[in-house]
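Undergrad: Everything below, folded, please.
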Amino acid sequence: MRLLYIDCGMGAAGDMLTAALLELMPNADEFIEELNSIGIPKVKYVKESSVKCGICGTHIRIFVDGIEEGEHHHGHDHSHNHNQEHSHSGLHEIEHIVCEHLNLPPKVKDDVIAVYELIAEAESKAHGVPVSEIHFHEVGTMDAIADVVAVCLLVNRLNVDKIIASPIHVGSGKVKCAHGILPVPAPATAYILKNVPIYSGAVNGELCTPTGAALLKHFVNEFGNMPVMKTTAIGYGMGTKDFETANCIRVMLGECEQNSDEICELNCNVDDMTGEAIGFAMDRLFAAGALDVYTTAIGMKKSRPGILIHTVCREKDKEAIIKTIFKHTTTLGIRENKLQRHILEREIQNIETAYGSIRCKISKGYGVTRKKYEYDDLAKIAKETGKSIGELLWEVDYEK
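TA: Sure thing, here's the model as predicted:
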């Protein structure tokens, strides 16, 4: 599995993500030329080397009409210099620029618009105005469009199977912006990062900008520790300010052979349910998103025989599963265990045979490859032809 890991130990901003991902490209200079030919009005990207705390990386500078933009970048305050302000676009104007003027693949255009919709919704919630009236004081200028476009194109070009990011260091203290002096993380950033693990460390300043937050929220599949992976490329994207800690985002591209995730096991004991009622509860649990439901026979207090119902689910489905267990069983309590499961990558292929199409599940990983034909498809053909399932399996493999 091709994996991208993003270390957000010093937050995230659009220019830093751009610079870090750019270092993963084998032809970074050619990619900068491509960015400059996309057609963002009056924008020019410039790549330069940067050193922070002895670490060499890349810094991206954005020029609009020959003037360097920077007020919305990582470590800069959000106050406005009205003499150098180039645009206060609303979402409609940004959609027009992206869809009508930029030379980008359709998928990248969709990603850019989705990122801006996240920001627009956050600004709307934070400041209590409709989305249609949001003018992106923090993120609407051309340099921010340049950052979002660059990151979306880079992610598209890297073509990874999964993106994992560390919990995000948001900084601390106050930030100066168009609305006044606000706490860190700024209200819009805090809204975007709902349900994302964040923390405030000793660094005084805004480390995660709305643009950086929205890009991570849109693209990252999972937040947590770096999994076991073999890295093939490493990139450092540098911010502008200097802190005691290296002001950079580090990205790692590599292969992750182990496919694992965290799951929940929810268990309960019952001694007063019929077999039919337990069967119905299991059906409802699968409908609610359970990965697996199974039962074991147990002996309970007062020498009563009982049933232990095991339900395995993803973390995001846990609340729905708990409600379903309480609704459809007689239990008064549920025990929860956190488990790490290791799974093979699976895909379904349609195998054409003399009897029609049969689905085949191909499983790979950990040095193992195996296949299994769909039982329902084999059973249907066996009934129609009078052949046994064993005969069909032999014929299908022989044909191949």
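Undergrad: And the longest helix seen in the chain, what does it pack against?
TA: Longest helix in the chain, counting residues (DSSP state H): helix 106-127. Using 3 or more C-beta pairs under 8 Å, 6 or more residues apart in numbering; DSSP states H and E as the contact test, the elements touching helix 106-127 are helix 91-96, helix 142-158, helix 187-192, helix 210-219. Any C-beta I mention is one placed from the backbone N, CA and C, and that applies to glycine too.
Undergrad: Tell me the buried residues in it?
TA: Of the residues in helix 106-127, 108-109, 111-113, 115-126 count as buried by neighbour count, 16 or more other C-beta atoms under 10 Å.
Undergrad: cool, stretch 190-210 as well?
TA: Of all the residues in stretch 190-210, those buried under the rule 16+ other C-beta under 10 Å are 190-193, 196, 198, 203, 205-210.
Undergrad: For it, C-alpha coordinates in PDB please.
TA: Provided in PDB are the C-alpha atoms of stretch 190-210 (Å, rounded to 0.1, in the frame of the first residue of the first chain):
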ATOM      1  CA  ALA A 190     -10.900  25.500  15.400                       C
ATOM      2  CA  TYR A 191     -14.200  24.800  13.600                       C
ATOM      3  CA  ILE A 192     -12.500  23.100  10.700                       C
ATOM      4  CA  LEU A 193     -10.500  20.900  13.100                       C
ATOM      5  CA  LYS A 194     -13.600  19.500  14.900                       C
ATOM      6  CA  ASN A 195     -13.200  15.700  15.400                       C
ATOM      7  CA  VAL A 196      -9.400  16.000  14.600                       C
ATOM      8  CA  PRO A 197      -6.800  15.400  17.300                       C
ATOM      9  CA  ILE A 198      -5.100  18.800  18.100                       C
ATOM     10  CA  TYR A 199      -3.000  20.100  20.900                       C
ATOM     11  CA  SER A 200      -1.400  23.400  22.100                       C
ATOM     12  CA  GLY A 201       2.300  23.300  23.000                       C
ATOM     13  CA  ALA A 202       4.800  25.800  24.200                       C
ATOM     14  CA  VAL A 203       5.200  27.700  21.000                       C
ATOM     15  CA  ASN A 204       3.500  31.100  21.200                       C
ATOM     16  CA  GLY A 205       1.800  31.900  17.800                       C
ATOM     17  CA  GLU A 206      -0.600  30.500  15.200                       C
ATOM     18  CA  LEU A 207       0.900  27.300  13.800                       C
ATOM     19  CA  CYS A 208      -2.100  26.000  11.900                       C
ATOM     20  CA  THR A 209      -3.900  28.300   9.500                       C
ATOM     21  CA  PRO A 210      -7.400  27.900   8.200                       C
END
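Undergrad: sorry, back to before: return the most buried member of the helices and strands packed on helix 106-127.
TA: By mean neighbour count, with neighbours taken as mean count of other C-beta atoms under 10 Å, helix 210-219 ranks first of the helices and strands packed on helix 106-127 at a mean of 26.
Undergrad: On the C-terminal side of it, identify the next helix or strand.
TA: Next in sequence after helix 210-219, counting helices and strands by DSSP states H and E, comes strand 222-223.
Undergrad: mind listing what that next one pairs with, with the direction of each?
TA: Looking at strand 222-223 with DSSP bridges, its partner strands are strand 162-165 (parallel).
Undergrad: and the partner strand, how far from the chain's centre?
TA: 6 Å (C-alpha atoms, centre = their mean, to the nearest Å).
Undergrad: what element comes up after that strand heading to the C-terminus?
TA: Next along the chain after strand 162-165, taking DSSP H and E as the criterion, comes strand 168-169.
Undergrad: who's in contact with that next one?
TA: When contacts are defined by C-beta atoms under 8 Å, 6 or more residues apart in numbering, strand 168-169 is touched by residues 8-12, 193, 196-201, 203, 207-208, 213, 216, 223.
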